[in-house]
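>>> take a look and give me a structure for this.
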Amino acid sequence: MGEPLPTTVVSVNVSEPRLVAWRETQVATGIFKIPVDHRMRVRALNLDGDGQADLSVHGGPDKAIYVYPAEHYPWWQAQLDRIDLRWGHFGENFTTAGLLETSVHIGDRFRIGSAEVVVTQPRLPCYKLGIRFGRSDMPKRFLASRRTGFYLRVLREGEVGPGDALELVETESNRVAVADVTELYLASDARQDLLRALLQVSALPPGWRDEFETRLT
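As a prediction, the model looks like this:
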């Protein structure tokens, strides 16, 4: 077997909310992330220079940082017949290499630069992803693809920059992958063993916990 692929931050992307035209109205959104070429301060709620427009569904401690795998970009370029996709196009703060939803678990802890973070949940897209791509079917296609990326909670503030390694500090013992959580959410008949394991993970946010507790029989 060859050496494992390095897990790195390929790009750090930020933006402040701005108004954009959508269906004959103006919508405030922070999804138009732009790559930066310098180190950024990671704080409990976001990165310096980054912001969210609607704090009722975006942002907060359990969604402080959004991660999206660089490995998904070629697939989307083929699916959408677009060659203009750039890092940050999915609204992610960190575009990463070597971390996929099938191998990252809810509750896994990572050290990135001088910051420490924990994986909390997959992304459930809203209509603003459609705004970013200029097509209203994008949220549905995104969720159906299972290429959701995932969110991080900041355990220790620090600085992160492009090229930083993602060092796994601790693997959550229940080992419920991000992809498993998405499948549980979409399933009409969720696996009870996975539900029980997931509900043992302390990093799972309250909203997800409430959702899955109702599915236990």
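>>> quick check: G134 vs W76, distance?
Distance, G134 to W76, using CB to CB, to the nearest Å: 14 Å. Yep, even glycine has a C-beta here, placed from its N, CA and C like the rest.
>>> what's the answer for R153, then?
Taking CB to CB, one finds R153 at 26 Å from W76.
>>> so G134 and W76 - more neighbours on which side?
W76 (18 against 8; other CB atoms under 10 Å).
>>> mean confidence (pLDDT) on stretch 84-97, please.
The pLDDT scores in stretch 84-97 average 97.
>>> now the residue lying closest to D137 once chain neighbours are set aside, what's its secondary structure?
Leaving aside its sequence neighbours, D137 sits nearest to G130 (CB to CB, 6 or more residues apart in numbering; 7.2 Å). Secondary structure assignment for G130 (DSSP: H, G, I helix; E, B strand; the rest coil): helix.
>>> what of H89?
coil.
>>> for the closest residue to W22 other than its chain neighbours, what are its contacts?
Distances taken as CB to CB, 6+ apart place I131 nearest to W22, at 5.0 Å, with adjacent residues excluded. The contact partners of I131, by CB atoms under 8 Å, 6 or more residues apart in numbering, come to 20, 22, 27, 29, 31.
>>> in a helix, L19, correct?
No. Counting by three-state DSSP, L19 falls outside a helix, being strand.
>>> that older thread, for the contacts of I131, work out which two are farthest apart.
Farthest-apart pair in the contacts of I131 is W22 and I31; separation 11.3 Å (CB to CB).
>>> who has more neighbours, the two?
Set W22 next to I31 and count neighbours by other CB under 10 Å: I31 wins out with 25 against 15.
>>> I'd assumed L129 was in contact with that one.
Yes. Using CB atoms under 8 Å, I31 is in contact with L129, at 6.9 Å.
>>> cool, thanks, talk later.
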